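Chemist: A predicted structure for the sequence below; I have some questions about it.
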Amino acid sequence: MAAGGFCKLPNGTVVVALNLPTPAPDGVGGVRVLVHARNRARALTRLRNLGLRAVYLRGNAAPPTPDEVTAVLHHPDGLIWRTSPDNAVDALELWHPIRTLLRRETATRT
């Protein structure tokens, strides 16, 4: 369901990047999610445990950039997101903790 990719770090852990459709009802744009985990399977499990059940990683078409790797490694949770950088306006948006995305998603459902 998601385009994305991964990179393996020298210490054996991985950073997985996924481009997901936006949870907003208007469906405009999307989000890029970064996960730092011991391996790819654990990274996807972390997302599925948060309620993103249909998340799969097929291939390595959009691996994380060095700046994205740095951002996720410096975040205490190791799980961050921002809107997809396809839009020039959003190119300078900061990374957010995943809990803000999940809160926003549940607020749009109710």
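Modeler: Looks like it arrived, so ask away. Residues are numbered from 1 along each chain as shown.

Chemist: which regions of the chain lie under the pLDDT threshold?
Modeler: 1-2, 22-28, 85-91, 102-110 (pLDDT under 70).

Chemist: can you pull the contacts of the most centrally placed residue in it?
Modeler: Computing the C-alpha centroid of the chain and ranking residues by C-alpha atoms, centre = their mean puts residue 33 first, at 0.8 Å. Residues near residue 33 by C-beta atoms under 8 Å, 6 or more residues apart in numbering: 17, 18, 20, 47, 79, 80, 81, 98, 101. In this view, the C-beta of every residue, glycine as well, is placed from N, C-alpha and C.

Chemist: Quick check: of those, which lies closest to residue 62?
Modeler: residue 17 (6.3 Å; C-beta to C-beta).

Chemist: a strand runs through residue 55, doesn't it?
Modeler: No: going by DSSP: H, G, I helix; E, B strand; the rest coil, the assignment for residue 55 is coil, not a strand.

Chemist: ok, back up a step: would you format the contacts of residue 33 as a markdown table with secondary structure and neighbour count included?
Modeler: A markdown table is the format used below for the contacts of residue 33 (DSSP: H, G, I helix; E, B strand; the rest coil; neighbours: other C-beta atoms under 10 Å):
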| residue | secondary structure | neighbour count |
| --- | --- | --- |
| 17 | strand | 24 |
| 18 | strand | 26 |
| 20 | strand | 20 |
| 47 | helix | 22 |
| 79 | strand | 21 |
| 80 | strand | 22 |
| 81 | strand | 20 |
| 98 | helix | 22 |
| 101 | helix | 21 |
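
Chemist: so which pair among the residues you listed is furthest apart in space?
Modeler: For the contacts of residue 33, and using C-beta to C-beta, no pair is farther apart than 17 and 101, which are 14.8 Å apart.

Chemist: partners of the one helix or strand the residue nearest to the centre of the chain maps to in the sheet?
Modeler: Assigned by DSSP states H and E, residue 33 falls within strand 30-37. The strands that strand 30-37 pairs with in its sheet are strand 14-21 (antiparallel), strand 79-83 (antiparallel) (by DSSP bridges).
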